[in-house]
Every structure is written in structure tokens, then in C-alpha cells.
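A.B. asks: Build me a model:
(chains A and B)
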Amino acid sequence: MIGTLFSVFVLLLLLVTAVAIVQTANLFVASMLAGIFSLLLATTFFLLDAADVALTEAAVGAGISTVLFLSALALTSETERTPARWSGLALAVVATAAAVLIYATFDKPAFGDPEAPVHTHVAPWYISQTAAEVDIPNIVTAVLASFRAYDTLGEVFVVLTAGIGVLFLLSARRGIAYRDDIARRDGEGLRHYVIPRVVGRLLIPFILIFGLYVQFHGEYGPGGAFQAGAIIAAGFILLALLEGEERALQAVPLQALLYLSAGGALLYGGVGVASVLLGGNFLEYRVFLPGPAASQQLGIIAIELGVGLTVTGVLLSIFHAFAARGRGL
Amino acid sequence: MKLLGLIHYWVFAILLMVGFYAVIAKLNLIKKLLGLAIFQAAVFLLYITMGVVEGGTAPVVQAGAVDAVYANPLPQVLILTAIVVGISTMALGLGIVVRIKEEYGTVEETEIQELDQP
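C.D. replies: From the prediction side, this is the model:
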């Protein structure tokens, strides 16, 4: 009962936060609210038995996306100047659509019904076969990195492509309307503020160790390479915010980040090609080692390493691309 | 239990439409992207809500557990990767907005359209 009340409470907070994000004309406030929104969403995911997803949303949504929005705000403007257009008509459209969607929810299978179509198709097979075929406790990781590894390869390349796109966009020459009114940052970070520096310095090593734990323990508990990549990137972003981008770039140079991003995706694809050369299908780990479970585990560790490298590399290069633009580089 | 599920779906529907309202009615490009992020989050919520099994727990097998019931792992896998892909594409969108600001000097849609008039 308490659990139910708490779920409803968090869901209502989600709604209030979302409306506030849309309502406020101050984009700085909206970005901070978006971080809170992500944290509430992560809580909801956790209450819905999705621990892996909650960890990802907390690391990505509340950590990295807030920083990205703030960097973009520093390069554009912090206030929304024009009011909404045709807001009456837009409200009517969304209210109608929401009413139709809510009407449709009455026909959905009951919440948590084990006989719902979504639970009776392939899911039982994954749940029952993971122990026999892959022999790792975390079914989500098993599906992500072994049964459906081909899909995950696609996702990794989407992340890499988006990263390349950002680097292309933000390394282009400035256009005619560029003016100096864009707030330039000195790249010194919060070096003059003692308390954030001391607290942050204490935290960063633990954030990085936790990231590595999430990476390598992802087979056994909630976690995995996507979350680990986001957490490690968040650790280095914190370093850049506290000590300035130059210090962070000394720790991990931009060139290294590019190699990391491309190298991770290459490692993932390389595992697939290696399995073809050894006589199996693409990303069929069975051919690597004798014994089905051992080879699956080797394959999972290899491709998770690839995913982790790419996600860390891409997220950090994106951050540095925005930051460098702000310093007029 | 039934009502709790319906509340989850209603919150999904309203969140989806709050995000959509920002995308179609707001004129500031950053606000549009924030709306898109809310829209995206609503879809994530729908998928994860559908994956819940009554009496279930997170899909991590515990040693010695007999007849354990697990939540459906498939929506979780889909959404886990979608979140990371979502932040990358959001960064791409923000990159485009930053370039628009540099070329036009504004990120308000009406002002951009005025500048585009020959």
C-alpha cells in the first residue's frame, strides 16, 4: 500500500515537473527541472522492477543531459523571448489526443498481468534459457549482449554516428551572424570555489571506480556498459567543471577520446568478424571457446568493453565540443 | 493493482502530450528539444510499465531462488539502449541549434523565418 502511494506520488511529481518545464520562460530553470524530471523518472523505473534502466536514466538523464543543455544555453540564450504560437489550437489538439490515448488505456491488458501478450511471446524463452545458454544472472545483460547482440551493435553505431555529427557541426567555421555577445567562459571551471573543488575531488575517484564496477559487474547485477560509459563520462565532466576543461583534456586528450569512440565500435564489430572467420555466424560467440557458457561470457565481456569505450568516448567528445565552442576555440 | 496500472498509462498519455505541446506550440528551439525529451521519456515509461509482472522482481537471477517471477527483460533492454541513443541524438539536436544561433543570431523560430524572407 505504501509502495503504491509512493509510486503515485512520484508519477504526479513527474507530471508537475513536466508542466513546469514547458511553462517556464527561463531556460536555465527548465534545464535544472529536466534533471529533476530524469531523477524522478529513474525512481519510477526502479519501482517498476527495471533496475538497469533506472541506473541508465539516472546517469544519463540527471547527469549528462543537464550538463549538455546548460552548455548549449551558454552558447545560445537563457530566456525564451516569444510566447507560444496558436497555443489555444495546440492545447485543443493535445487535449483531444490525450483523451483518445486515455480512452485506449482501458483496453490494455491489466497492469502486471502475467498472461498479457507482451509476456507470452519470446520473453519466457529468454528468461528460462539464460541460465542454460549464457549462465549469467542478469537476464537484461544476456539479452542485450548475447541473444540480441546484433541490435546492440546497431545502437552503438547510432551513438558513434551522432557523436561524429556533433563534432562536424561544432567544428565548422562560424557564420556571419556570430557575435561576441555569446557568453565566453574562461575554461577555468570552478577553480576559485573551494568547497565544490574539495568535495568534487573526493568524489571523482569513487565515481570512476563505481563506473568500472558497473562495467565489469554488469553480468551479475544491474549494470552494464551503457551505464558504465555514462557514469565514467560524468566523472570526467565533473573534473572539467571543477578544474577547467584544460585539466580534463590533459587527463584524457581529445585525440584519445576519438580513438576510444571509434575503437570501441571497431572492437564490437571485430568480435563479429572474428566469429565469422572462425566459422560461426556474425556475433555467434559459440566458436571462441569450447563449452557454450564460457564462450558466451567471453563474447559478452569483449563487446561490453567495446560499448563502454564508445559511450564514454562519444559522450566526452560531445561535451568537449560544446565547451570548446563556448571558449571561442 | 488495476488502478495503479491505469495511473501509469494516464501519466504516460499526459506526459506524451505535454511534450508534444512544447514541440508544436513553443517557438524557442531549445524549448522544443526539451519537449521532445519529455515526449521520449513518456515512451520509455510506457514500455517499462508494460514489462511489469505482478509479484515479479528485477530480471536478475538470484542463486537458490525457486519459482521466482521476473519482470519482462525485453522492454528493459530496448529502453536501456534507447536512453543512451536518445542523449546522443539530443546532443546532435543541440549542436544544430547552436549552429543556428551562430548563423542567425537567434533561436526563436519566428525571427529565423523573418530572416529567411528574401
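
A.B. asks: So the residue positioned nearest the centre of chain B, which state does it fall into?
C.D. replies: Using CA atoms, centre = their mean, the residue of chain B that lies closest to the mean C-alpha position is residue B:40, 1.8 Å off. At residue B:40, secondary structure determined by DSSP: H, G, I helix; E, B strand; the rest coil is helix.

A.B. asks: Next one: it from residue A:21, what distance?
C.D. replies: Look at residue B:40 and residue A:21: by CB to CB, to the nearest Å, they are 13 Å apart. The way it works is simple: take the backbone N, C-alpha and C, and place the C-beta from them, glycine included.

A.B. asks: Give me the neighbour count for residue A:217.
C.D. replies: By other CB atoms under 10 Å in any protein chain shown, the residues close to residue A:217 number 15.

A.B. asks: Tell me if I'm right that it and residue A:223 touch.
C.D. replies: Yes - contact criterion CB atoms under 8 Å: residue A:217 and residue A:223 qualify, at 5.6 Å.

A.B. asks: Count the neighbours of the residue of chain A at minimum distance from chain B for me.
C.D. replies: Going by CB to the nearest CB, chain B is nearest to residue A:111 of chain A, at 2.0 Å. Neighbourhood size, residue A:111 [other CB under 10 Å]: 22.

A.B. asks: I figured it hits residue B:8, correct?
C.D. replies: Yes - using CB under 8 Å, residue A:111 is in contact with residue B:8, at 6.6 Å.

A.B. asks: Could you measure from the nearest residue to residue A:254 once chain neighbours are set aside over to residue A:128?
C.D. replies: Closest residue in space to residue A:254, ignoring its immediate chain neighbours: residue A:320 at 6.1 Å, by CB to CB, 6 or more residues apart in numbering or on different chains. Here residue A:320 is placed at a distance of 45 Å from residue A:128 (CB to CB).

A.B. asks: More neighbours: these two, which one.
C.D. replies: Taking other CB under 10 Å, residue A:320 and residue A:128 do not tie; residue A:320 has more neighbours (24 against 11).

A.B. asks: okay, now residue A:228: neighbour count?
C.D. replies: That count, for residue A:228 with other CB under 10 Å as the rule, works out to 28.

A.B. asks: How about the contacts made by it?
C.D. replies: Listed by CB atoms under 8 Å, 6 or more residues apart in numbering or on different chains, the contact set of residue A:228 reads A:211-212, A:214-215, A:218, A:308, A:311-312.

A.B. asks: if I look at residue B:45, how far off is chain A?
C.D. replies: Residue B:45 is 7 Å from chain A, where distance means CB to the nearest CB, to the nearest Å.

A.B. asks: can you give me the helices for chain A?
C.D. replies: Counting by DSSP state H, chain A has helices at residues A:2-23, A:27-47, A:51-57, A:66-75, A:87-105, A:117-120, A:123-133, A:139-142, A:149-170, A:194-216, A:225-243, A:245-251, A:254-277, A:292-326.

A.B. asks: Now render the ones you listed as CSV, adding distance to residue B:50 and mean pLDDT.
C.D. replies: Shown next, in CSV, are the helices of chain A (distance: least, CB to CB, whole Å; pLDDT from 0 to 100):
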stretch, distance to residue B:50, mean pLDDT
helix A:2-23, 15, 92
helix A:27-47, 13, 94
helix A:51-57, 13, 92
helix A:66-75, 28, 89
helix A:87-105, 11, 93
helix A:117-120, 5, 87
helix A:123-133, 11, 85
helix A:139-142, 15, 89
helix A:149-170, 18, 92
helix A:194-216, 26, 91
helix A:225-243, 21, 91
helix A:245-251, 40, 85
helix A:254-277, 29, 92
helix A:292-326, 25, 89
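
A.B. asks: mind checking how far the lengthiest helix in chain B is from the chain centre?
C.D. replies: In chain B, with assignment by DSSP H, the single longest helix is helix B:73-104. Relative to its parent chain, helix B:73-104 has a centroid offset of 10 Å by CA atoms, centre = their mean, to the nearest Å.

A.B. asks: could you give me the average pLDDT of that helix?
C.D. replies: Taken as a whole, helix B:73-104 has a mean pLDDT of 91.

A.B. asks: now the angle from that helix to helix A:292-326?
C.D. replies: Here the directions of helix B:73-104 and helix A:292-326 differ by 20 degrees (axes from the mean of the first three to the mean of the last three CA atoms, to 10 degrees).

A.B. asks: coming back round to it: which ones are touching the residue nearest to residue A:254?
C.D. replies: For residue A:320, the contact set (CB under 8 Å, 6+ apart) comprises A:240, A:245, A:248-249, A:254, A:257.

A.B. asks: Going by distance to residue A:44, which of these wins?
C.D. replies: residue A:240 (30.2 Å; CB to CB).

A.B. asks: give me the number of residues near the nearest residue to the closest one once chain neighbours are set aside?
C.D. replies: Distance criterion CB to CB, 6+ apart; nearest residue to residue A:240, sequence neighbours excluded, is residue A:248 at 3.6 Å. Counted with other CB under 10 Å, residues neighbouring residue A:248 total 23.
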